[in-house]
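Sequence first, then the predicted structure, then my questions.
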Amino acid sequence: MNFNYAEIVKLILPETIVVITALAALLFDLAMMRGKTVHQRSSRLAALAGLGSVLAILCIWLTPSYGNLLNGMLVVDPLTQFVKQILLGLTIFTGIISIQTKFTPHVGEYFALLLLATVGMMFLVSSENLLMIFVALELISLSLYVMVAFKKESIQSAEAALKYFLFGGMSAAFTLFGLSLIYGLSGEIKLSAIAATIVGQGPDPLFLLALVMTLIGFGFKIAAAPFHLWAPDAYQGAPTPTASFIAAGSKVASFFILAKIVWIGFNGAGGSGAWHGFGSGWIPILATMATLSMVLGNLAAISQTSVKRLLAYSAIAHGGYALIAVITNHREAVSSLLYYVVTYAITVLGAFAVVTVVEHNTKGDKLSDFAGLSRRSPVLAGCMMIFMLSLAGIPPLAGFFGKFYVFADALRYGAKDLGLLWLVILAIGTSAISLYYYLQVLKQIYVAPSVDGGLKIDTAFPVQAAIVVLAGAVLLLGCLPNLLVGKLLAVLQRTGM
Amino acid sequence: MSGPFLISLLTFTPLLGGLVLLTLKREEQKLARIFAIIFSLIPAIGVLALWSKFSNGEAGLQFSERHPWIPSLGIEYFVGIDGLGLLMMLLTTIVVPFALFSTSKEIANPKIHFALYLFLQTGLYGTFTALNFFHWFIFWELSLVPAFFLIKLWGGPERTRAAYQFFVYTLLGSVAMLLAFLAIFSATGVFDFIQLADAARSGALAAAVENKLTLGSFSAEQILFILFLGVLLGFAVKVPLFPFHTWLPATYAEAPSSVSMTLTGVMSKMGVYGFLRILLPIFPEQMRAALTPLLWLAVATIVFSAYAAYAQKDLKRIIAYSSINHLGYCLLGLFAVMKSTEGDLLSEKAAALNGVILQMFNHGITASALFCFVGILEKRSGGIRGLNDFGGLRKVAPVFCGLMGISIFSSLGLPGLNGFVGEFLIFKGVFSLASWAAAISTLGLLITAIFLLTILQKVFSGPVNQKWAGLSDLTKTERLTVAPAIALMFLFGIFPQFLIGIINPTVVAMLQRLNF
């Protein structure tokens, strides 16, 4: 095996920049910001993290270099680089949102972990090798466990972190067990090589066991029912910026890698999810998860009174919709999957940003804390309306086109004979239900009388600007979906998919 | 192809107006009504400009805009207007400002109410101009959302139930339609209505379905028929066609009168428009295969709704059922036209189809005027609108009774008023195409006359009910509000060629394309 360190350094330059930024954040906080207030420190570090991320984005953009190193350990192609840019963008916005809250004095560590989790995601998306995937997943998970626990004085935060950690540890064990079985069966850790050995073996019980184990592990990462139990508690207990990061960045990366594993690694072992003929493989497993997620997520969200919990259940439901794109199992569906998860990430990040601001002002995230927001801050209320309606899939917002695209692709390219029709019908039905609880939030905002005597909401300028930008993106991508779809298709073509 | 952005411009002006209204401050809310009226009237300039450039002798799209939008999914922003579209635009432009004028000044939360109303107007314009399924469907659904809130927030005592019933029924219909179109898209990769119609005519659609779609053990023909049923359901609920009409009476009765005016005046026409623009051109074979049951359903719609109207005691419900009845004539004419006659009876078909479109337009004006009058009466009586609660109003409020009387006569189809023309042409055509259906449907005409005259008898005539002896007649503003509608009833009753000139070439071209 040829080892060219210069090549590696060139390919992982963006990741290196982010790691250096993470270390710089720690150093700056330690060395230069003694005696500053938390707000000052977090503003500066957010700026630093943003700067590092922008540099990494520019680096990807200006010096495109592609390659496939070390047996698929590092696969750098236009698609992975594009996804990385999106992840970095999400990190920038998460950093900005973090300015608003004062949940911890350990600002340096928080931003360092945020950036390290980002590095994990970047490695995750550019790997087609089981070992590397697992290591990157653990880097993300460990960073996120700590980030969830960051609100030290809050019992809920500790509880949430412990739950997240225990579930996460368990699921990592499942994943590892599944992956080791796959390695045992195929003798390979490279995805495409695994697929080559699997094809033609027929339904081997041991392989199916490995498949189930692996998918359970990933079901946890994407919070798909029935492996979703941690999500509501983690979202509610975690500091809100962390929750937004789990919901946005981590979701995009996890879905991307899940699709990669099942499409490349388990290629040919899909089985069928068509209503007139199920066949064993990963498709029926994911179809079951999608069904449960859509039904359970949407129904449970109805009875929530905490907006963060509501968003958690809505995230579970949206995971179900995105799974339909994965189940479609066709290279054309890459763009519908990515369009869906990326616009979802933007929307949910915006929604969490609004929650962060409201929580900062009213000290709670109950529905009633949002009462009369339209009088207290018309801009925030308007943006929240855009986010909620987009999540509900109302045209002309991004959420509508995302769903439309996923459903159209599922019928076009999914199982033969309109086999996925049942999933699409279910998805449309449950998204009609979801409109109800999103409207509950808007009802509080626009109709209910305000709390706190209608005091104006205090928003840091960068946060408000970030929220407006995110809302603008949701509207723009909804009206002109081709901005993203066209880009995705071009990237896919360059990647050769 | 003149005025490249005119159609989009006039479609989105009300939307913009609605957004402007939302930014009004609390203390400026009084301005909302006048702002809304202005914004709803601005598109009138555009529509009149289009009309003035419209050449009456030509069929086909006379104005269109086409921009690539999402090429990978075959989605274009494609809007265009032919005779049918122009007439529907005109109707929207008449009814919506009319309804806004008749909205009370004391309405609660005026800025949101009027903003929603303007959004609704944009949805209507969009539905009547869009020629690509994607944004047509967006507009179709977007008109549903403001209507839901207008009923839910400003309606009568049973409003919540009525609003949900309305929403759920229409949504189910829409979902069936969406799935059908997604399936068609998965076979053909096309969302464009005109291309789909061409494909249907040349047999390419059936071939694509044969090659690309399989559904269990169904044959391609059966699959196409299932898709047809899906789309049919969407429109049948909206029109409504018996037995999908059960949401309508409650909705029209509970909605505020000014909203009922648009619901019946324009939104119910969306369904018939869908039949004409989408169902007939894309599924002609399937339509013909299902002709007899469809004709029966149209007849049932006409006769049952007339009897149901006769049994009602609430004026709003009477008019609601009478609306179903009148749109039943449209469906009757529309279905009868699909009868295969091997090229014969073309003039009868043209008469019927012209009648259908005229009926859509004229019923829009008449029914919205009727709801407006009931709204005026309701406002004076404090919400009472029973058939038997009044009496002798002719002596108390002569102008009101005179003008409402004219609307009632227009509704029952008195020659010389606009309601007559459409019904006459429909029956003229249908008698030679499906005489049994026409014969039974005349029963509907008869009962309509009876229940409408009952209103005259019980509300306007008879001894004066002392309770209402002090009822005031129409104010100047109210007279000005209804005067244009009454004038149009006479105008289009006496000179229907104004309208027929616009639509006849489109109708003839449509029949030639259907060609059997």
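Right, received. Where do you want to start?

So which elements touch the longest helix along chain A?
In chain A, assigned by DSSP state H, the helix with the most residues is helix A:155-186. Judged by 3 or more CB pairs under 8 Å, 6 or more residues apart in numbering or on different chains; DSSP states H and E, the packing partners of helix A:155-186 are helix A:130-148, helix A:191-198, helix A:205-221, helix A:230-237. In this view, the C-beta of every residue, glycine as well, is placed from N, C-alpha and C.

Run the angle between the second one and helix A:155-186 for me.
Angle between the axes of helix A:191-198 and helix A:155-186 is 50 degrees (criterion: axes from the mean of the first three to the mean of the last three CA atoms, to 10 degrees).

What of the last one?
Helix A:230-237 and helix A:155-186 are oriented at 150 degrees to each other (the same axes, to 10 degrees).

now for helix A:230-237, which elements pack on it?
helix A:155-186, helix A:240-247, helix A:307-328.

With respect to A:V18, which of these lies nearest?
Set against A:V18 and scored by CB to CB, the helices and strands packed on helix A:230-237 come closest in helix A:240-247, at 14.3 Å.

Could you tell me the angle between that closest one and helix A:205-221?
150 degrees.

Residues of chain B that sit close to chain A?
B:68-73, B:134, B:138, B:141-142, B:145, B:171, B:175, B:178-179, B:182-183, B:185-186, B:189, B:213-216 (CB under 8 Å from any CB of the partner chain).

quick one on the thing from earlier: what's the mean pLDDT across the longest helix of chain A?
Averaged over helix A:155-186, pLDDT sits at 90.

Ok, stretch A:408-419 next?
For stretch A:408-419, the mean confidence score works out to 75.

For it, measure first residue to last.
With CA to CA, to the nearest Å as the measure, stretch A:408-419 spans 13 Å from end to end.

same thing with stretch B:97-107?
16 Å.

That one - what's its average pLDDT?
83.

for stretch A:64-80, same thing?
83.

Show me which parts of it are buried, residue by residue.
A:69-70, A:72-80 (16 or more other CB atoms under 10 Å in any protein chain shown).

residues touching B:L488, list them.
B:94, B:365, B:418 (CB atoms under 8 Å, 6 or more residues apart in numbering or on different chains).

what residues are up against A:V107?
A:29, A:38, A:41-42, A:45.

just those residues: which has the poorest pLDDT?
A:V38 (81).

Quick one: residues contacting that one.
A:V38 neighbours (CB under 8 Å, 6+ apart): A:102, A:104-105, A:107.

now it: how far from A:L45?
From A:V38 over to A:L45 the distance is 10 Å, taken as CB to CB, to the nearest Å.

what does B:W140 give?
From B:W140 to A:L45 the distance is 49 Å (CB to CB).

Have a look at those two and say which one is more surrounded.
Neighbour totals were compared for B:W140 and A:L45, and A:L45 leads with 27 against 23 (other CB atoms under 10 Å in any protein chain shown).

ok now do the closest residue to A:I264 other than its chain neighbours, which residues does it touch?
What sits nearest to A:I264 in space, not counting adjacent residues and going by CB to CB, 6 or more residues apart in numbering or on different chains, is A:L191, at 4.3 Å. For A:L191, the contact set (CB under 8 Å, 6+ apart) comprises A:72, A:128-130, A:260-261, A:264-265.

and if you look at B:I502?
Contacts of B:I502 by CB under 8 Å, 6+ apart are B:51, B:54, B:56, B:83, B:86-87.

tell me the least confident of the residues you listed?
Lowest pLDDT among the contacts of B:I502: B:N56, 79.

Pretty sure it sits against B:I503.
No: in terms of CB atoms under 8 Å, B:N56 does not count as a neighbour of B:I503; the distance is 9.4 Å.

Out of those two, name the residue with the larger neighbour count.
B:I503 (25 against 14).

Roughly how far does that one sit from B:I81?
Distance from B:I503 to B:I81, by CB to CB: 12 Å.

now swap in A:V107 and tell me
60 Å.

A:I246 now?
Distance from A:I246 to B:I81, by CB to CB: 50 Å.

and what of B:L241?
26 Å.

B:T301 too?
Applying CB to CB to B:T301 and B:I81 gives a distance of 29 Å.

Comparing A:I246 and B:I81, which residue is more hemmed in?
A:I246 (29 against 24).

Confidence-wise, which helix or strand of chain B is lowest on average?
Every helix and strand in chain B was compared by mean pLDDT, DSSP states H and E; the lowest is helix B:204-212, with a mean of 78.

Residues contacting that one, please?
Applying CB under 8 Å, 6+ apart, the set of residues contacting helix B:204-212 is B:184, B:186-188, B:196, B:198-200, B:220-221, B:223-224, B:227, B:282, B:285.

ok, the residues you listed vs A:L139, which is closest?
Among the contacts of helix B:204-212, and counting by CB to CB, the member closest to A:L139 is B:S186, at 40.3 Å.

Would you list the phi and psi of that closest one?
phi -70, psi -20 (degrees, to the nearest 10).

ok, now the one 5 residues further on?
When quoted as degrees, to the nearest 10, the phi and psi of B:F191 stand at phi -110, psi -10.

Up against chain B, what does chain A have?
A:276, A:335, A:394-396, A:400-401, A:404-405, A:407-408, A:411-412, A:416-418, A:421, A:424-425, A:428-429, A:432, A:480-482, A:485-486, A:489.

Would you mind listing the outside residues contacting stretch B:85-93?
Under CB under 8 Å, 6+ apart, the answer for stretch B:85-93 is B:10, B:43-44, B:47, B:50-51, B:54, B:62, B:81, B:121, B:124-125, B:128-129, B:265-266, B:269, B:273, B:357, B:360-361, B:364-365, B:499, B:502-503.

surely A:L79 meets A:L489?
No: at 10.9 Å, A:L79 and A:L489 do not qualify as touching, with contact defined as CB under 8 Å.

Now the element after the one helix or strand A:L475 maps to, going C-ward?
Taking DSSP states H and E as the definition, A:L475 sits inside helix A:461-479. Downstream of helix A:461-479, the next assigned helix or strand under DSSP H and E is helix A:482-495.

contacting residues around A:V75?
A:68-69, A:126-128.

Can you name the residues bridging to it?
Under DSSP bridges, the beta-bridge partners of A:V75 are A:N68.

Can you tell me the SS state at B:P68?
strand (DSSP: H, G, I helix; E, B strand; the rest coil).

if we can go back for a sec, now the helix holding A:L475 and helix A:482-495, what's the angle there?
80 degrees.

what about helix A:461-479, distance to the chain center?
Its chain's C-alpha centre and that of helix A:461-479 lie 18 Å apart, by CA atoms, centre = their mean, to the nearest Å.
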